[in-house]
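Novice: what would the 3D arrangement of this be:
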Amino acid sequence: MTDSKYFTTTKKGEIFELKAELNSDKKEKKKEAVKKVIASMTVGKDVSALFPDVVNCMQTDNLELKKLVYLYLMNYAKSQPDMAIMAVNTFVKDCEDPNPLIRALAVRTMGCIRVDKITEYLCEPLRKCLKDEDPYVRKTAAVCVAKLHDINAQLVEDQGFLDTLKDLISDSNPMVVANAVAALSEIAESHPSSNLLDLNPQSINKLLTALNECTEWGQIFILDCLANYMPKDDREAQSICERVTPRLSHANSAVVLSAVKVLMKFMEMLSKDLDYYGTLLKKLAPPLVTLLSAEPELQYVALRNINLIVQKRPEILKHEMKVFFVKYNDPIYVKLEKLDIMIRLASQANIAQVLAELKEYATEVDVDFVRKAVRAIGRCAIKVEQSAERCVSTLLDLIQTKVNYVVQEAIVVIKDIFRKYPNKYESVIATLCENLDSLDEPEARAAMIWIVGEYAERIDNADELLESFLEGFHDESTQVQLQLLTAIVKLFLKKPTETQELVQQVLSLATQDSDNPDLRDRGYIYWRLLSTDPVAAKEVVLAEKPLISEETDLIEPTLLDELICYIGTLASVYHKPPSAFVEGSRGVVHKSLPPRTGSSESAESPDTAPSGVQAAEQPAVIPTQGDLLGDLLNLDLGPPVSGPPLATSVQMGAVDLLGGGLDSLMGDESEGLRSDVGGSPAMGGSNTFAPAPSTTVPTTLGAPLGSGLGDLFDLTGGVGTLSGSYVAPKTVWLPAMKAKGLEISGTFSRQVGSISMDLVLTNKALQVMSDFAIQFNRNSFGLAPAAPLQVHAPLAPNQSVEISLPLNTVGSVMKMDPLNNLQVAVKNNIDVFYFSTLYPLHILFVEDGKMERQMFLATWKDIANENEAQFQIKDCSLNADAVSSKLQGSNIFTIAKRNVEGQDMLYQSLKLTNGIWVLAELRIQPSNPSFTLSLKCRAPEVSQYVYQAYETILKN
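Specialist: Now for the predicted structure:
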């Protein structure tokens, strides 16, 4: 017998067995086989080979089998689009099946098969199902339209499905209405400009009728849709509120929060004098309290939403303080959130209760929680004036416990209490000074240093205390260094005779030995002030400080109004608008509350304005991003105000703190200051300071003193930078095999206003090369060689030569595709060779591309919106300042910088060699490595290449 028997087997494998079973005549066997296929698919085995056999099983009346086959189809249609077309006929047939369940199943599956080829076959069946007599089929078809729109929006619009969906809002069946609303909302989200959900009082009435009868998720869709409606007057707002209020008692917390969102929004339009307004406030409290009896994760979401509600309308929960008391078994994230809300609700009526509770928390074992509790006591003192004394004595009791982290937190909050109530509680400073040695956290050390500097005249050994901090000056954090510098300057201005050496020491530490630009700048400013005008220094450094307001961590009002419109969504948990965390959030619409009507007061003054804060002291509103450009320049839109020049003759007889250092600082104008003047009485007799070495003064300070301190900050005054723009590494443009042994590699660069093509010519042939010449074809920006290609000696085999070829932009112009394409011919003694390369656009950015602010604003408004292009720069981890300086190296100039809702906005301009201006807005979120770049230009075809330049510069 031969050995072939080892290679034959009767076992054909699992797939083969399944194939045989799927083609069996017995229905039961078929069904079992499909179940096995689905099971294999579920655990991740590849059963796509069985596609034709499974599709054959679709021709059945058995609903269970049909469901299984459809499930398989949804999974594999994407990988087998050609096969999936085989199933289309069955779908079309099933859409006309007498059984509504099968019709709905067919239309649902069609929506889930995301294959372009199939979509046009689905239009007819979908059209029939949208008009089906059975509501179950209609509601399924409504959702299918949204899915189809996601695959092919144009097709859905051309086929008129959107109009059919709008008609379904008036359907007699509440579930159909809910699904139609859900589908339209979904589509409207991806197309914010289209007015799909065109709501009017009639359609609102239909939605409210459907609200009572549909499922809980249907109710959520309808409530979210209602929240986007703007009632025409307060009566309509009240009628909607009355019909939505019953949803507050629903068992599903998502329904409750959606109802709260609608009521919070429409309450804006109700007058506070109405009886109904008071009733509504009372009705809102119980459902919010009930949410807190759920499991911790739900509690947390509820608490984050309640936090927003309490900031907007504290009166809703003002009597419910006890439900926010912390339970011993609450997770830390719930505890911290409850603590925050307790402070927001603290008032004169309940402060005793709150303080007793907080004192209890301060003895807990959880360190983070204890810290927050101690801070909370301080916040209560600042918020409720009548309780300040009790809070301070509570804090002193806590300091006596000598628990390190408790002491440190207490000192941080006592600093704020001193600011809020000057000349009231300074008697406790002695107690604080006793704990000086135990402070090891930067914030606590900085707070203590501030207290010593601020009250130096009351502390006998203030200079010794501050000197003890100076010993390890360079090991301290920036926060402590800055605070120490200011405190010692305050001390010097209060006790000039005893602290001359100390101030000299700290100024030289800050300016000469420090790498931190903030610290150096502050040191130089103090140094200049003290050496030129001690009186002015006193006015600046010891100025009257504004009282701190009670709630420093309130969300800014316009943002709060926007977040109220997002109650019950992720935005309300993050306390950020969707645009801050949704990828590609260009389509996110900014929502806002309706304007308050029917009430004489403005929306900005809630009737429970916290005691001690006048309504007029509302925080200044940060404009929404839409208005941002409008007042981007509101800092200095008018002509510069010329103040009286600083006197350059020394009338005040100041000690010359900078000594000879002023020579380099002020040029000729410093002559008047250099005479060695005796000290003024105020500055401590005739002592003089050692001069600061002139070499250490940064060149940015080298301006006449007459220009005041303004020049200290004008770091971008110079035109262009000497560092030059980013130069890409050389790449091979012409390989040797295509040019008879000549290899050309190169790159482009721009240095101090001149463009060059940096080439490396390599001879990989066996003969000498000579007589080189170069020529460019006409191109988009007229680039041309400004000099001949000079290779001074013949190029021997295996030799390379580096050449920098200067270029200008006065050559012939012809629009190329792509725009930055450059066609080059190089000739030598062997032949003429041709190649093309793409140059980076930033070599064409000129040095005078910094536009005036007013001009920028006018130009931005003037360029049509359709000329605006938006791009994403991904995976870039630089901060705004690093981005700004990096781009400036390549002649992209930052004109203004703003921080809005936690994200930095840079407004920039650049100018190309042919005079085209490009304006840019770069949006940077600290935690997000993706930047959004908006470009506006009168020649929009340039934008794509400018974006590529941004990406190249920032990522290298």
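Novice: ranges for the strands of the stretch 401-550 of the chain?
Specialist: For the stretch 401-550 of the chain, no strands are identified by DSSP state E, counting those that start in this stretch.
Novice: quick one: low-confidence residue ranges for it.
Specialist: 550 (pLDDT under 70).
Novice: apply 80 and report the result again.
Specialist: By pLDDT under 80, the low-scoring segments of the stretch 401-550 of the chain are 423, 425-426, 435-437, 545-550.
Novice: which one is residue 728 nearest to, not counting chain neighbours?
Specialist: residue 747 (5.0 Å; Cβ to Cβ, 6 or more residues apart in numbering). C-betas here are computed from N, CA, C, even on glycine.
Novice: got a list of what the one you found touches?
Specialist: Counting by Cβ atoms under 8 Å, 6 or more residues apart in numbering, residue 747 touches 727-731, 757-758.
Novice: how about the strands in the stretch 851-956 of the chain?
Specialist: Using DSSP E, counting those that start in this stretch, strands in the stretch 851-956 of the chain cover 868-873, 893-900, 903-911, 917-924, 931-937.
Novice: now render these as TSV, adding mean pLDDT.
Specialist: Converted to TSV, the strands of the stretch 851-956 of the chain look like this (pLDDT from 0 to 100):
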stretch	mean pLDDT
strand 868-873	88
strand 893-900	88
strand 903-911	90
strand 917-924	90
strand 931-937	90
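Novice: what residues of stretch 110-127 count as buried?
Specialist: Neighbour counts over stretch 110-127 (16 or more other Cβ atoms under 10 Å) mark 110-111, 113-114, 118-119, 121-123, 125-126 as buried.
Novice: quick revisit: sec struct for the residue nearest to residue 728, please.
Specialist: strand (DSSP: H, G, I helix; E, B strand; the rest coil).
Novice: any idea how far it is from residue 910?
Specialist: 20 Å (Cβ to Cβ, to the nearest Å).
Novice: those helices in the stretch 351-500 of the chain, which residues are they?
Specialist: 351-361, 367-383, 388-400, 404-420, 429-434, 442-454, 462-470, 478-494, 500-511 (DSSP state H, counting those that start in this stretch).
Novice: the fifth one packs against which elements?
Specialist: This points to helix 429-434. If contacts are counted by 3 or more Cβ pairs under 8 Å, 6 or more residues apart in numbering; DSSP states H and E, helix 429-434 sits against helix 388-400, helix 442-454.
Novice: could you list the residues in contact with it?
Specialist: 396, 399, 411, 414, 448, 451-452, 455, 458-459, 465.
Novice: what do you get if the cut-off is 7 Å, keeping everything else the same?
Specialist: 396, 399, 411, 414, 448, 451, 455, 458-459, 465 (Cβ atoms under 7 Å, 6 or more residues apart in numbering).
Novice: distance from the chain centre to it, please.
Specialist: 42 Å (Cα atoms, centre = their mean, to the nearest Å).
Novice: also stretch 760-770?
Specialist: 54 Å.
Novice: how does the protein divide up, domain by domain?
Specialist: 346-438, 731-843, 844-955 (the TED database).
Novice: of all these, which one is nearest residue 39?
Specialist: Judged by Cβ to Cβ, the one of those that comes nearest to residue 39 is domain 844-955, at 39.8 Å.
Novice: quick one: least confident helix or strand in the protein?
Specialist: helix 661-666 (a mean of 33; mean pLDDT, DSSP states H and E).
Novice: secondary structure class for the closest residue to residue 740 other than its chain neighbours?
Specialist: Spatial nearest neighbour of residue 740, excluding adjacent residues (Cβ to Cβ, 6+ apart): residue 830 at 5.4 Å. Here residue 830 is coil, with the state taken from three-state DSSP.
Novice: thinking again about what came up before, same list, the strands of the stretch 851-956 of the chain, but as CSV with mean neighbour count and distance to residue 569 please.
Specialist: As requested, the strands of the stretch 851-956 of the chain are exported to CSV (neighbours: other Cβ atoms under 10 Å; distance: least, Cβ to Cβ, whole Å):
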stretch, mean neighbour count, distance to residue 569
strand 868-873, 16, 23
strand 893-900, 18, 21
strand 903-911, 22, 19
strand 917-924, 22, 22
strand 931-937, 21, 21
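Novice: of the contacts of residue 747, which pair is most distant in space?
Specialist: Spatial extent of the contacts of residue 747 (Cβ to Cβ) is set by the pair 729 and 757 at 14.5 Å.
Novice: so between the two, which is more surrounded?
Specialist: residue 757 (24 against 7; other Cβ atoms under 10 Å).
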